[in-house]
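Chemist: what follows is a predicted protein model with its sequence.
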Amino acid sequence: MRLVRHVNIALVNQLAIVSRDLGVNIWDAIEAAATKPFGYMPFWPGPGVGGHCIAIDPSYLSWRVGQRLGHRMSFVELAQEVNAQMPAYVASRIAEALNEQGKAVKGAKILGIGVAYKPNVNDARESPALAVLERLARSGAEVSYHDPYVPETTVGGRILTSVPLEPKTCRAVDCVVVLTAHPSVDYQSVLVSSQLVFDARGVGLDGSTSVNL
């Protein structure tokens with residue numbers, strides 16, 4: 001099951017990348033496909049995969065097959081490649097969004113919402129959200145984060161603590177990035193209070209200051 005999820009997530013992540021250039025809204029397309037009453041399970045794009053299962057176990061399986069049989073599982077290898085590039089892709093899209101506002105990543109204040117690898121957990125192991133923030137920090141951004149489940153984490157060699165998600169917090173940064181879609185977050189309030197919101201999880205933001213993956 002982990003292998004199937006790994007491959008399906010990679011497929012939808014690659015579709016998200018190409019759909020933008022094709023002028024297709026990936027979220028609308030998936031929602032439309034999900035209306036089929038049978039034979040379809042929706043998968044959603046995002047900044048990558050994380051945790052101790054999907055991000056690791058399929059790669060171990062491919063390695064083990066290579067050891068025993070002399071060849072690896074090409075689907076697993078390709079899925080790993082696609083999912084591993086998503087943090088870099090998301091970071092580049094955030095840079096584009098800032099650039100369109102006349103701002104550079106270097107020196108920009110960026111608030112990430114969610115650093116756990118999936119909603120409603122306190123597990124940040126192999127989290128793609130952290131990988132995105134790490135890349136932004138290396139590019140010179142001043143990063144902070146809010147996560148109701150992860151009170152403290154390390155980004156760019158610095159120990160950070162979760163900041164309160166208040167209107168004044170959102171107004172004080174150049175960009176808010178939705179990286180993990182915790183249901184407890186009031187995303188509409190975030191949108192109203194922010195200069196720019198980049199939604200990497202498809203939480204349904206729609207406004208002049210929002211940019212979707």
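Modeler: Here it is on my side, so go on.

Chemist: where does this protein have low pLDDT?
Modeler: Within the chain, the ranges that satisfy pLDDT under 70 run 1-2, 52-67, 70-73.

Chemist: where do the strands of it begin and end?
Modeler: 109-113, 142-146, 152-155, 158-161, 175-178, 197-199, 210-212 (DSSP state E).

Chemist: nearest to residue 74, out of the ones you listed?
Modeler: Distances from residue 74 to each of those were compared by C-beta to C-beta, and the smallest falls on strand 210-212, at 31.1 Å. Every residue, glycine included, has its C-beta placed from N, CA and C.

Chemist: list the helices and strands that closest one packs on?
Modeler: strand 197-199 (3 or more C-beta pairs under 8 Å, 6 or more residues apart in numbering; DSSP states H and E).

Chemist: same for the strand it packs on, what does it pack against?
Modeler: The contact analysis (3+ C-beta pairs under 8 Å, 6+ apart) places strand 197-199 against helix 74-100, strand 175-178, strand 210-212.

Chemist: can you put these in TSV and add mean neighbour count?
Modeler: What follows is the helices and strands packed on strand 197-199, written out as TSV (neighbours: other C-beta atoms under 10 Å):
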stretch	mean neighbour count
helix 74-100	18
strand 175-178	28
strand 210-212	20
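
Chemist: make a markdown table out of the ones you listed and add distance to residue 116.
Modeler: As requested, these are arranged in a markdown table below (distance: least, C-beta to C-beta, whole Å):
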| stretch | distance to residue 116 |
| --- | --- |
| helix 74-100 | 15 |
| strand 175-178 | 13 |
| strand 210-212 | 21 |
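
Chemist: which one of those lies nearest to residue 113?
Modeler: For the helices and strands packed on strand 197-199, proximity to residue 113 was assessed by C-beta to C-beta; strand 175-178 is nearest, at 5.0 Å.

Chemist: ok, that closest one: who's next to it in the sheet?
Modeler: Strands adjacent to strand 175-178 in the sheet, as given by DSSP bridges, are strand 109-113 (parallel), strand 197-199 (parallel).

Chemist: any residues touching the last one, and which ones?
Modeler: The one in question is strand 197-199. 90, 93-94, 97, 175-178, 190-191, 205, 207, 209-213 (C-beta atoms under 8 Å, 6 or more residues apart in numbering).

Chemist: which residues in this structure form helices?
Modeler: Along the chain, the stretches classed as helices by DSSP state H are 2-22, 26-33, 57-69, 74-100, 128-138, 167-171, 187-193.

Chemist: coming back round to it: what's the most buried one of the strands of the chain?
Modeler: When you average the neighbours per residue for each of these (mean count of other C-beta atoms under 10 Å), strand 175-178 leads with a mean of 28.

Chemist: hmm, residue 173 is touching residue 190, no?
Modeler: No - taking C-beta atoms under 8 Å as the definition, residue 173 is not a contact partner of residue 190, at 10.8 Å.

Chemist: OK, contacts around residue 95?
Modeler: When the contact criterion is C-beta under 8 Å, 6+ apart, the partners of residue 95 are 105, 139.

Chemist: no no, residue 211
Modeler: By C-beta under 8 Å, 6+ apart, the contact list for residue 211 reads 93, 97, 196, 197, 198, 199.

Chemist: mind running it again at 10 Å?
Modeler: Applying C-beta atoms under 10 Å, 6 or more residues apart in numbering, we find residue 211 in contact with 93-94, 96-98, 100-101, 175, 177, 196-200, 205.
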